[in-house]
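Undergrad: Show me the folded form of this:
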Amino acid sequence: MVDCVLCNDTGRWYNDNTRYECKCGAPYVKQEIKEDNVNAPTHYNQHGVECIEAIQASMSDVEFRGYLKGNALKYQWRYAYKKKPLEDLQKAEWYLQRLIKEVKKIKSL
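TA: Purely as a prediction, here's the structure:
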């Protein structure tokens, strides 16, 4: 659901058979929401928890860097065989950039 333009509440819209309104009384304003499948896919965020953060918390630093390296390689490996090759290359880049960020943390210690 879209956030209310007045109270910023989410998912509180109701229908009075003529229009949708927020419980605060603001009219529903349809907003175009563009899914970002590379940087913030909604299916990787459940109940306010990002999947990547849960994965990192379950691993040692070395294991997590290996995970990032493996995913970067996976997306490069298969990009030519899928319907969205550019998206897969951008995902590979995302994992590589995250790996770079993790390695920089080591250098700054």
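Undergrad: And the closest residue to Asp61 other than its chain neighbours, how far from Gly66?
TA: Counting by Cβ to Cβ, 6 or more residues apart in numbering, Asp61 lies nearest to Glu102, which is 7.2 Å off, once chain neighbours are set aside. Where you see a C-beta, it was placed from the backbone N, CA and C, and this is true even at glycine. Plainly put, Glu102 is 11 Å away from Gly66 if you go by Cβ to Cβ, to the nearest Å.
Undergrad: pretty sure the residue nearest to Asp61 is touching Lys69, no?
TA: No - using Cβ atoms under 8 Å, Glu102 is not in contact with Lys69; the gap is 9.9 Å.
Undergrad: Can you give me every residue that contacts the residue lying closest to Arg98 once chain neighbours are set aside?
TA: The shortest distance from Arg98 to any non-neighbouring residue, by Cβ to Cβ, 6+ apart, is to Leu68 (5.3 Å). Counting by Cβ atoms under 8 Å, 6 or more residues apart in numbering, Leu68 touches 95-96, 98-99, 102.
Undergrad: For Leu68, identify the helix or strand it belongs to.
TA: Assigned by DSSP states H and E, Leu68 belongs to helix 61-78.
Undergrad: quick one: the longest helix belonging to the chain to helix 61-78, angle?
TA: Longest helix in the chain, counting residues (DSSP state H): helix 85-107. With axes from the mean of the first three to the mean of the last three Cα atoms, to 10 degrees applied, the angle from helix 85-107 to helix 61-78 works out at 160 degrees.
Undergrad: What separation is there between the spatially closest residue to Asp88 that is not a sequence neighbour and Leu86?
TA: In space, and not counting its chain neighbours, Asp88 is closest to Tyr79: 3.8 Å by Cβ to Cβ, 6+ apart. Taking Cβ to Cβ as the measure, Tyr79 falls 8 Å from Leu86.
Undergrad: and if you look at Ala92?
TA: 11 Å.
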